[in-house]
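S.K.: only the shape, not the letters, is given here:
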Ligand SMILES: [Zn+2]
């Protein structure tokens with residue numbers, strides 16, 4: 001078993017937007033990219049932020065700043081971009097390594113491992 005497979009999820013947090021003028025209405029916003037392990041070695045990739053509104057909407061599946069949800073009524077629907085992607089442990093590790101490189105010396109980039 002790979003080291004990270006003992007975790008339920010991994011969050012790559014980007015806090016570098018905190019001081020931007022555009023976010024100065026409240027406490028600031030934090031963007032994250034996450035991986036949630038749905039079954040051994042299979043991770044669901046998602047995007048999110050600590051504050052969602054019409055103003056800063058983006059797709060949780062692909063991270064694009066568009067609403068890809070197609071509502072078919074009765075709570076049914078789908079994402080026009082194809083929905084959440086599933087990736088392997090190797091891909092998650094590669095992404096973490098890239099993120100670790102970028103965050104060197106920058107406290108705004110945080111990696112969080114969750115066991116639940
Ligand atoms: Zn999308």
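M.R.: Yes, it's here. Because the structure is predicted, anything quoted here is derived from the model rather than measured. Numbers count the residues shown, from 1 in each chain.

S.K.: test my guess that residue 110 contacts residue 103.
M.R.: Yes: using Cβ atoms under 8 Å, residue 110 is in contact with residue 103, at 7.4 Å. No exception for glycine: its C-beta is placed from N, CA and C like everyone else's.

S.K.: which ones are touching residue 84?
M.R.: Counting by Cβ atoms under 8 Å, 6 or more residues apart in numbering, residue 84 touches 44, 45, 46, 60, 61.

S.K.: give me the phi and psi for the most centrally placed residue in the chain.
M.R.: Nearest to the mean C-alpha position of the chain, counting by Cα atoms, centre = their mean, stands residue 33 at 1.9 Å. Dihedral pair for residue 33: phi -120, psi 130, per degrees, to the nearest 10.

S.K.: need the contacts of residue 84 in TSV (columns: distance to residue 99).
M.R.: Formatted as TSV, these follow (distance: Cβ to Cβ, whole Å):
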residue	distance to residue 99
44	18
45	13
46	15
60	19
61	19
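
S.K.: secondary structure of residue 95: a strand, I assume?
M.R.: No: using DSSP: H, G, I helix; E, B strand; the rest coil, the secondary structure at residue 95 is helix, not a strand.

S.K.: residues contacting it?
M.R.: Residue 95 neighbours (Cβ under 8 Å, 6+ apart): 12, 33, 35.
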